[in-house]
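Participant: Got a predicted structure here, sequence first:
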Amino acid sequence: MLHLTSKKYYFFAISLIVVVFGLIFMALWGLNPGIDFTGGTTIDLQFQSVLPATSTNTITSLFKNDVKAKDIKVYYSTNKLAKDGVNPQLFWVQLNVPVDQKVQDEILKRLNAQGNTLGTVEALPPLVHASTDGGTTTYSLLPFKITPPASTKGGAAFTITAAEIQKLITATPLPNTTVVPNTTGTATTPATPTPAATATATPTTGATNATTLPVTLQKVYAGTNNNQVITIQTQTLLNPVALQKIENSLLKQYGPLYQSQVNSVGPSIASSTTYLAIAAVAAASLAILIYIGIAFRNVGSIGRALRYGACAIAALLHDAVVVLGVWAWLGHIFPNVFKVDTLFVTAILTVIGFSVHDTIVVFDRIRENSQRRSSDTFTDVVNASLLQTMARSLNTSLTVLITLSALTIFGGEAIRPFTLALLVGIFSGTYSSIFNTSMLLVVWE
């Protein structure tokens, strides 16, 4: 019979080396906190067309140079608007001046008045002070989404043309508007109306001028049902002025867009997240200790039952330190990829749960064999229990590790850090549940 327990100090030495290196990495470089723990901004921008592959460098440079943002990550996806077999279409209406809400409401009213012929129209967040020349000339770019009538279900993508939309909007003149104040502080001069305009715009003398201006539709941009979505994360808290500046730069280079979502995390929220993450790990450890103490209460005494719990806690702390050490090392080498965020905390808690699950299987067999083989020494009981459960533990872990390896290699960039953290943690958990927890029980006994 293989005597694993006789090699316990070798197993301890391996764990000690890994843990020490992990602690050294954390002491030297520390953990690389993500936006959830430092504060910052996540912005989703949806474009009319698919951006070129080189746009990643352009977007990163804009955020770095124009608004001095730090730790920028850019993710690409395609927003397939089709839902329940119906294919909506996006379009953008360009007006000659920065308009107030009543003009967008009026356009929406005119389009929805078409009834079942056009379908349902929804107004999306506008870019009021749109500009392609650094803010010298500003106008409004109002995005809308048309959801066609149910009769088109299962058919081709909805393809109303920009000319048709323009005709519906300009059936009668648009109402005049009071110029919207320019929060950037740059001069606001209305764009020159098209020849079709029926009135001449009165120039404004500044951003806060309240002159009423005639509104002219200049152009309609029609999108498709597969619009490009860009998600940008930065660990800099950006205000609306900075975001508007970025959007105008992107508008100039890549055409119409709209801001579909913005999430900002302030320093106080980030500090609270840090506290709650630590509290979550501590609460989980305490709950595990209590649970194991109750579940193994019939091993002789409450003190001996708590030994099982304490050994399980030691193993899960070992696994947590291993993952944290690896993350400190990876975060130092690849600072823009491997960050500690709420998804990483989720991975740590998952690893803790998996590690304890594996440990309890071994402990339960030790408890059973202690009653059946009362004449054997505790060391022999533990050794026999390990050999009986090892195949099951290894097979269970191996199937999980194969799945996580596939996700890490072939999965998307957004989930790769999460799956890699699980991969490292579950590998460590498998080792600690077999070679550490039971050996600790033997030494303690």
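Facilitator: Here it is on my side, so go on.
Participant: Could you report the separation of residue 112 from residue 384?
Facilitator: Using CB to CB, to the nearest Å, one gets 76 Å for the distance from residue 112 to residue 384. Using the backbone N, CA and C atoms, a C-beta is placed for each residue, glycine as well.
Participant: Please apply the same query to residue 437.
Facilitator: Taking CB to CB as the measure, residue 437 falls 16 Å from residue 384.
Participant: Compare neighbour counts for these two and give me the winner.
Facilitator: Regarding residue 437 and residue 384, a neighbour count based on other CB atoms under 10 Å identifies residue 437 as having more, with 27 against 19.
Participant: List the residues that contact residue 425.
Facilitator: The neighbours of residue 425, taking CB atoms under 8 Å, 6 or more residues apart in numbering as the test, are 319-320, 322-323, 347-348, 350-351, 354-355.
Participant: ok, so of these, who is nearest residue 127?
Facilitator: The shortest gap between residue 127 and any of the contacts of residue 425 belongs to residue 347, at 37.4 Å (CB to CB).
Participant: element containing the closest one, please.
Facilitator: helix 342-372 (DSSP states H and E).
Participant: Just after the worst-scoring helix or strand of the chain on mean pLDDT, pick out the following helix or strand.
Facilitator: Across the helices and strands of the chain, the lowest-confidence element by mean pLDDT, DSSP states H and E is strand 189-190, at a mean of 44. Elements were assigned by DSSP H and E; along the chain past strand 189-190, the next helix or strand is strand 212-213.
Participant: Can you name every helix or strand that that next one contacts?
Facilitator: Helices and strands touching strand 212-213, by 3 or more CB pairs under 8 Å, 6 or more residues apart in numbering; DSSP states H and E, are strand 177-178.
Participant: Spell out the residue ranges of the helices in the protein.
Facilitator: Counting by DSSP state H, the chain has helices at residues 8-29, 35-38, 55-66, 101-112, 162-169, 240-254, 267-295, 302-333, 342-372, 378-410, 416-435, 437-444.
Participant: Nearest to residue 45, out of those?
Facilitator: If you check each of the helices of the chain against residue 45 by CB to CB, helix 240-254 wins as the nearest, at 6.9 Å.
Participant: picking up where we left off before, and the angle for the helix holding residue 347 with helix 416-435?
Facilitator: Here helix 342-372 points in a direction 20 degrees away from that of helix 416-435 (axes from the mean of the first three to the mean of the last three CA atoms, to 10 degrees).
Participant: Tell me the helices and strands packed up against helix 342-372.
Facilitator: Under the contact rule (3+ CB pairs under 8 Å, 6+ apart), helix 342-372 is packed against helix 267-295, helix 302-333, helix 378-410, helix 416-435, helix 437-444.
Participant: out of these, deepest packed?
Facilitator: Each of the helices and strands packed on helix 342-372 was scored by mean neighbour count; the highest is helix 416-435, a mean of 23, by mean count of other CB atoms under 10 Å.
Participant: export that one as CSV, just CAs?
Facilitator: Coordinates of the C-alpha atoms in helix 416-435 are reproduced here as CSV (Å, rounded to 0.1, in the frame of the first residue of the first chain):
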residue,chain,number,x,y,z
ARG,A,416,-10.1,35.0,-19.7
PRO,A,417,-8.9,36.5,-16.3
PHE,A,418,-11.9,35.0,-14.5
THR,A,419,-11.4,31.5,-16.0
LEU,A,420,-7.6,31.6,-15.4
ALA,A,421,-8.1,32.5,-11.7
LEU,A,422,-10.5,29.5,-11.4
LEU,A,423,-8.0,27.3,-13.2
VAL,A,424,-5.2,28.2,-10.8
GLY,A,425,-7.4,28.0,-7.7
ILE,A,426,-9.0,24.7,-8.5
PHE,A,427,-5.7,23.1,-9.3
SER,A,428,-4.3,24.4,-6.0
GLY,A,429,-7.5,23.3,-4.2
THR,A,430,-7.2,19.8,-5.5
TYR,A,431,-3.7,19.6,-4.3
SER,A,432,-4.4,21.1,-0.8
SER,A,433,-7.5,18.9,-0.2
ILE,A,434,-5.6,15.7,-0.8
PHE,A,435,-2.1,16.5,0.4
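Participant: in stretch 359-379, what counts as buried?
Facilitator: 359-363, 365-367, 369-370, 378-379 (16 or more other CB atoms under 10 Å).
Participant: before we move on, what about stretch 254-266?
Facilitator: For stretch 254-266, a neighbour-count test (16+ other CB under 10 Å) marks 254, 256-260, 265 as buried.
Participant: Relative to the whole chain's centre, how far out is it?
Facilitator: Its chain's C-alpha centre lies 14 Å from the corresponding centre of stretch 254-266 when counted by CA atoms, centre = their mean, to the nearest Å.
Participant: Residue numbering should commence at 33 henceforth.
Facilitator: I'll keep to 33 as the first residue from here, and by that count the last item is stretch 286-298.
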